[in-house]
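S.K.: sequence below, structure please.
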Amino acid sequence: MTDRYARIEGIPAIETDPDGGLGRVGRSLLPPRDPSAAQAPGEMAGYRTVLMLVASPDGAVSGVLPGEGPSAGGLDANAVPTSLAELWPADVCAQISECMRRCLRGRRLESMALEIVEPADRLKLICVPHGRDSTLIVVLDVGAPANAYSRMLDLAYVDRATTLPTREYFLEELERFTDISRLKEQRAAVICFSIEQSEGHGNAFSGQRQDLVLKELAARLVLSLRGVNKRSEPDYERYSVAARIDYRQYGVLLPSIGSGADAESVTVRLIEALQQPVPLGNRQVAVTVRAGLALFPQDGADAETLFENALAAMEDARSSQTDSYKFHSGTLKLRALQRNELELELKTALDREQFSLDYLPIVDAKTGRVAGVEALLRWPQAAFGTQRTQKVLALAEHTGLIVPIGEWVMAQGIADLKRWHQAGHAGLRLAINLSMQQFSRPDLPQRLAAMLAAEGVAAGCIDLEITEYMLFRDALAGHAAARALRDVGVGVVVDDFGTGACSLAHLSRSPTTAVKIDNSFVANVASDGPDRATCAAMIALTHELGRAISAEGVETAAQAQVLREQGCDFLQGFLISKPAPAPEIGAFLASRSRG
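M.R.: Residues are numbered from 1 along each chain as shown. The predicted structure follows:
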């Protein structure tokens with residue numbers, strides 16, 4: 001076999017597989033297949049070599065290596081042609097010549113499917129650059145004609161839920177494009193889309209329904225682009241690439257973009273198409289879409305850099321409260337580095353127990369007696385002194401560190417509460433804010449109960465504060481998380497009431513024990529305006545539902561007086577006391593007891 005292979009100048013002799021496969025070199029030329037497809041031992045992904053030859057785009061054949069096994073698609077496995085015209089009709093030869101030209105332009109592997117009507121069979125041609133003006137063509141028998149979905153499987157891995165190519169295919173095409181476009185000084189854009197479900201429509205991304213939603217969005221993406229994923233398009237600059245690059249993320253390559261404004265207009269159009277409500281049974285599912293754009297070559301002259309910068313821009317858009325898409329900028333990398341450093345500082349502070357707690361007193365509105373304290377997390381000033389609280393907490397949520405940090409807050413707060421009880425303040429309550437991740441953990445009630453038992457603190461002295469959004473999400477599950485906490489004996493308080501997505505039905509049917517008026521309403525409660533009327537309505541409604549109500553952010557005596565007159569049960573804010581560490585709170589409690 002090796003002497004026959006030597007007839008192709010410049011290609012080393014190799015051993016072939018016993019079953020007629022392509023051997024080690026041949027395997028590396030094959031396009032990716034569906035990894036879940038079953039194969040018999042010794043069966044090279046269902047392919048069988050028919051012929052290998054060296055040819056130029058003008059159709060001249062300069063070298064031939066016959067294949068193994070019987071003929072396929074009308075080809076003689078032992079044929080020694082001198083031109084492509086001896087093997088295929090003129091129209092087929094034209095397609096093959098174009099495939100060879102793409103291969104030589106990009107200096108990369110190219111492939112094409114070839115269906116033979118009579119006799120019925122299906123071939124695959126793989127073109128590999130060979131020298132300056134010719135290509136090695138590997139002709140494979142891939143069985144009977146297949147549908148379009150199977151053709152895509154032959155070319156690249158395919159995401160089964162959406163039928164779009166996967167991340168691997170996208171990166172290969174992006175690399176191919178950047179290799180070519182660097183020489184031609186062309187422009188392009190990479191857009192990464194993140195799909196997030198709107199809060200008001202439940203979790204349609206759970207179970208099998210997620211595939212239906214994502215498949216519909218993928219179809220819209222394809223319909224909104226030109227020549228999407230048509231790699232056989234003679235002019236490679238005229239087709240787009242769309243792929244599913246992650247769980248709820250899609251990637252798009254737009255070649256031959258004239259300017260950033262062109263890429264922006266396409267992005268806006270795609271976002272509008274994707275954000276249309278998705279029909280799911282007898283309901284409409286609303287989604288929000290965030291996108292990041294990176295432009296070639298200014299945001300990356302190679303595929304990896306361009307793709308990473310588009311992802312960074314997408315993450316920047318996700319964190320924005322106003323923008324649905326973001327262009328990449330040089331500051332994004334700096335922000336990413338800063339986030340990494342901040343994450344490391346969080347982990348270090350947690351390992352070294354460098355966090356601390358301050359407490360904000362809560363008083364009875366009628367008597368002024370200190371009824372409880374709210375625990376507030378504090379971190380080392382050296383590492384986080386200049387960072388906004390919301391930024392640090394958002395990073396902790398994103399990395400999952402919020403869970404161990406939250407457990408430390410509960411353990412430390414319960415330990416401090418025990419000391420205050422022992423000092424004579426037996427009725428004092430402790431309020432602790434829960435994160436969404438903590439609240440969603442099914443083992444939270446058991447872990448909290450264990451902490452209380454270890455310190456000998458009654459569960460009835462603990463209030464766990466959740467947001468309206470957390471209550472709304474829990475309502476969709478029948479208030480399972482809140483009921484499990486109430487079964488332990490702790491109170492569940494709805495924080496920042498009046499600013500979130502919670503309906504009165506969710507509140508009335510929930511096992512919550514109290515609500516807290518957001519300070520944005522309290523700030524103007526002393527004036528005769530809508531906020532004063534809103535506070536009065538919330539207080540009356542809460543009492544009618546049999547729950548207690550408190551107000552946060554009380555800073556003036558006038559605010560406190562109005563809230564007392566309206567019937568508010570508890571007050572907290574700088575008027576009573578600023579947040580202070582446990583020893584100072586102990587002294588504050590003692591002074592109020594004597595007074």
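
S.K.: which residues are in contact with the nearest residue to residue 170 once chain neighbours are set aside?
M.R.: Leaving aside its chain neighbours, residue 170 sits nearest to residue 243 (3.7 Å; criterion: Cβ to Cβ, 6 or more residues apart in numbering). C-beta coordinates here come from the backbone N, C-alpha and C atoms, glycine included. By Cβ atoms under 8 Å, 6 or more residues apart in numbering, the residues touching residue 243 are 159, 164, 165, 166, 167, 169, 170, 229, 250, 251.

S.K.: restricted to helices, list these.
M.R.: 167, 169, 170 (DSSP state H).

S.K.: same list (those) but as a markdown table, adding pLDDT.
M.R.: Shown next, in a markdown table, are these (pLDDT from 0 to 100):
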| residue | pLDDT |
| --- | --- |
| 167 | 87 |
| 169 | 85 |
| 170 | 90 |
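
S.K.: can I get the residues you listed in TSV including distance to residue 559?
M.R.: Converted to TSV, the ones in helices among the contacts of residue 243 look like this (distance: Cβ to Cβ, whole Å):
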residue	distance to residue 559
167	55
169	61
170	56
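
S.K.: so residue 267 makes contact with residue 323?
M.R.: No: taking contacts as Cβ atoms under 8 Å, residue 267 lies outside contact range of residue 323: 11.4 Å.

S.K.: the two: who's more crowded?
M.R.: Using other Cβ atoms under 10 Å as the criterion, residue 267 and residue 323 rank with residue 267 on top: 23 against 13.

S.K.: secondary structure element holding that one?
M.R.: If you go by DSSP states H and E, residue 267 is part of helix 260-274.

S.K.: from the contact counts, what lies against that helix?
M.R.: strand 188-197, helix 209-223, strand 249-255, strand 287-296, strand 325-327 (3 or more Cβ pairs under 8 Å, 6 or more residues apart in numbering; DSSP states H and E).

S.K.: picking that back up, in what helix or strand does the residue nearest to residue 170 lie?
M.R.: strand 241-246.

S.K.: could I get the buried residue list for that strand?
M.R.: 241, 242, 243, 244, 245 (16 or more other Cβ atoms under 10 Å).

S.K.: ok, then the element right after the helix holding residue 267?
M.R.: From helix 260-274, the next helix or strand downstream (DSSP H and E) is strand 278-280.

S.K.: contacting residues around that next one?
M.R.: 204, 209, 212, 213, 216, 217, 284, 285, 286, 287.

S.K.: wait, which of the helices and strands packed on helix 260-274 is closest to residue 518?
M.R.: strand 287-296 (23.6 Å; Cβ to Cβ).

S.K.: what's downstream of that closest one, the next helix or strand?
M.R.: Taking DSSP H and E as the definition, the helix or strand right after strand 287-296 is helix 303-318.

S.K.: low-scoring stretches of the stretch 401-550 of the chain, by residue?
M.R.: 500-502 (pLDDT under 70).

S.K.: before we move on, what about the chain?
M.R.: Those would be 1-48, 66-79, 116-121, 143-157, 197-208, 231-238, 330-342, 380-391, 500-502, 594-595, if you go by pLDDT under 70 across the chain.

S.K.: before we move on, the earlier item: tell me which of the buried residues of strand 241-246 is nearest to residue 524?
M.R.: residue 245 (47.0 Å).

S.K.: from memory that closest one sits against residue 169, does it?
M.R.: No: contact criterion Cβ under 8 Å: residue 245 and residue 169 do not qualify, at 9.8 Å.

S.K.: CA-only coordinates of stretch 301-314 in PDB, if you can.
M.R.: Only the C-alpha atoms of stretch 301-314 are listed here, as PDB (Å, rounded to 0.1, in the frame of the first residue of the first chain):
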ATOM      1  CA  ALA A 301      -7.400  39.900  15.800                       C
ATOM      2  CA  ASP A 302      -7.700  36.200  16.600                       C
ATOM      3  CA  ALA A 303     -10.700  34.100  17.300                       C
ATOM      4  CA  GLU A 304     -10.100  33.400  21.000                       C
ATOM      5  CA  THR A 305      -9.600  37.100  21.900                       C
ATOM      6  CA  LEU A 306     -12.600  38.200  19.800                       C
ATOM      7  CA  PHE A 307     -14.900  35.600  21.400                       C
ATOM      8  CA  GLU A 308     -13.800  36.300  24.900                       C
ATOM      9  CA  ASN A 309     -14.200  40.100  24.500                       C
ATOM     10  CA  ALA A 310     -17.800  39.500  23.100                       C
ATOM     11  CA  LEU A 311     -18.600  37.400  26.200                       C
ATOM     12  CA  ALA A 312     -17.100  40.100  28.500                       C
ATOM     13  CA  ALA A 313     -19.300  42.700  26.800                       C
ATOM     14  CA  MET A 314     -22.300  40.500  27.300                       C
END
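
S.K.: list the contacts of that stretch.
M.R.: 170-171, 174-175, 177-178, 182, 190-194, 249, 251, 290-294, 296, 299-300, 326-329, 332-333, 336.

S.K.: swap the cut-off to 6 Å and go again
M.R.: Stretch 301-314 has contacts (Cβ atoms under 6 Å, 6 or more residues apart in numbering) with 174-175, 178, 190, 192, 194, 292-294, 296, 299-300, 326, 328, 332, 336.

S.K.: quickly check the residues you listed for the two that are furthest apart.
M.R.: Farthest pair in the contacts of stretch 301-314, by Cβ to Cβ: 175 and 326, 24.0 Å.

S.K.: so between those two, which is more surrounded?
M.R.: Applying other Cβ under 10 Å to residue 175 and residue 326 shows that residue 326 carries more neighbours, namely 22 against 17.

S.K.: show me what contacts the closest residue to the more buried one other than its chain neighbours?
M.R.: In space, and not counting its chain neighbours, residue 326 is closest to residue 317: 4.1 Å by Cβ to Cβ, 6+ apart. Shown in contact with residue 317 (Cβ under 6 Å, 6+ apart): 290, 292, 323, 325, 326.

S.K.: go again using 8 Å as the cut-off
M.R.: 194, 290, 291, 292, 323, 324, 325, 326.

S.K.: from residue 481, how far out is it?
M.R.: 30 Å (Cβ to Cβ, to the nearest Å).

S.K.: how about residue 325?
M.R.: In terms of Cβ to Cβ, residue 325 sits 34 Å off from residue 481.

S.K.: which segments of this structure make up each domain?
M.R.: 2-155, 167-328, 352-594 (automatic domain parsing).

S.K.: distance from the longest one to the middle of the chain?
M.R.: It refers to domain 352-594. Here domain 352-594 is found 31 Å from its chain centre; the criterion is Cα atoms, centre = their mean, to the nearest Å.

S.K.: gap between residue 178 and residue 239?
M.R.: Distance from residue 178 to residue 239, by Cβ to Cβ: 16 Å.

S.K.: comparing those two, which residue is more hemmed in?
M.R.: Set residue 178 next to residue 239 and count neighbours by other Cβ under 10 Å: residue 178 wins out with 23 against 20.

S.K.: so which bits of the helix or strand harbouring residue 540 are buried?
M.R.: Per DSSP H and E, residue 540 falls inside helix 530-544. Judged by neighbour count using 16+ other Cβ under 10 Å, the buried positions of helix 530-544 are 531, 532, 534, 535, 536, 538, 539, 541, 542.

S.K.: before we move on, what about stretch 403-419?
M.R.: Buried-residue list, stretch 403-419, by 16+ other Cβ under 10 Å: 403, 405-407, 409-414, 416-418.

S.K.: same check, this time on stretch 574-592
M.R.: In stretch 574-592, counting by 16+ other Cβ under 10 Å, buried: 575, 576, 577, 579, 580, 582, 585, 586, 588, 589, 592.

S.K.: turn those into JSON lines, columns for secondary structure.
M.R.: Rendered in JSON lines, the data for these read as follows (DSSP: H, G, I helix; E, B strand; the rest coil):
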{"residue": "575", "secondary structure": "coil"}
{"residue": "576", "secondary structure": "coil"}
{"residue": "577", "secondary structure": "coil"}
{"residue": "579", "secondary structure": "coil"}
{"residue": "580", "secondary structure": "strand"}
{"residue": "582", "secondary structure": "helix"}
{"residue": "585", "secondary structure": "helix"}
{"residue": "586", "secondary structure": "helix"}
{"residue": "588", "secondary structure": "helix"}
{"residue": "589", "secondary structure": "helix"}
{"residue": "592", "secondary structure": "helix"}
